[in-house]
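Asker: My questions are about this predicted structure, shown below with the sequence.
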Amino acid sequence: MTALASCFTTTFHAIAGYSKFEYTDLAVEAEGTVRNTDAGYAFTEIVVRPNLTIATEENRERAISLLHKAKGLCLVSRALATAQKFEIQVEIRKHSLV
């Protein structure tokens, strides 16, 4: 699942850069369920949970759109035969000067 989370993060970063979309942070958790099937052990469920932090509420819809685009373009995600659930979280947090 680490490969999936890393690929998603890298893909989103590239898309955000190309789109000139600024964000504060992105954490991606990927979790898989493995079961013994007739063909042997296999993933039966994968959940991807990107948590994106942005500075303003006005950018929420664009952030969600870019997250979905990254999911569709991530090579690891596309290579997996198992269906994936996508649970997005977008937080608003302004930069703080320390």
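Answerer: Received it, and whenever you're ready, just let me know what you need. These numbers were taken from a predicted model, which means no experiment stands behind them. Numbering: from 1, shown residues only.
Asker: for the residue lying closest to Gln89 once chain neighbours are set aside, helix, strand, or coil?
Answerer: Distances taken as C-beta to C-beta, 6 or more residues apart in numbering put Asn51 closest to Gln89, at 4.5 Å, once the chain neighbours are dropped. Yep, even glycine has a C-beta here, placed from its N, CA and C like the rest. Under DSSP: H, G, I helix; E, B strand; the rest coil, Asn51 falls in the strand class.
Asker: Wait, Asn51 touches Tyr23, no?
Answerer: No: under the criterion of C-beta atoms under 8 Å, Asn51 makes no contact with Tyr23, lying 10.9 Å away.
Asker: which helix is the longest one in this protein?
Answerer: In the chain, with assignment by DSSP state H, the single longest helix is helix 2-18.
Asker: Check what pLDDT Lys94 gets.
Answerer: pLDDT recorded at Lys94 is 76.
Asker: so what's the residue of the chain most remote from its centre up against?
Answerer: No residue in the chain has its C-alpha farther from the mean C-alpha position than Asp38, which lies at 30.5 Å (C-alpha atoms, centre = their mean). Residues near Asp38 by C-beta atoms under 8 Å, 6 or more residues apart in numbering: none.
Asker: And Leu67, by the same measure?
Answerer: Taking C-beta under 8 Å, 6+ apart as the contact definition, Leu67 lies against 12, 50, 52, 88, 90.
Asker: for the residue nearest the centre of the chain, which residues make a bridge with it?
Answerer: For the chain, the residue nearest the mean C-alpha position is Pro50 (4.0 Å; C-alpha atoms, centre = their mean). Applying DSSP bridges to Pro50 gives these bridge partners: Val28.
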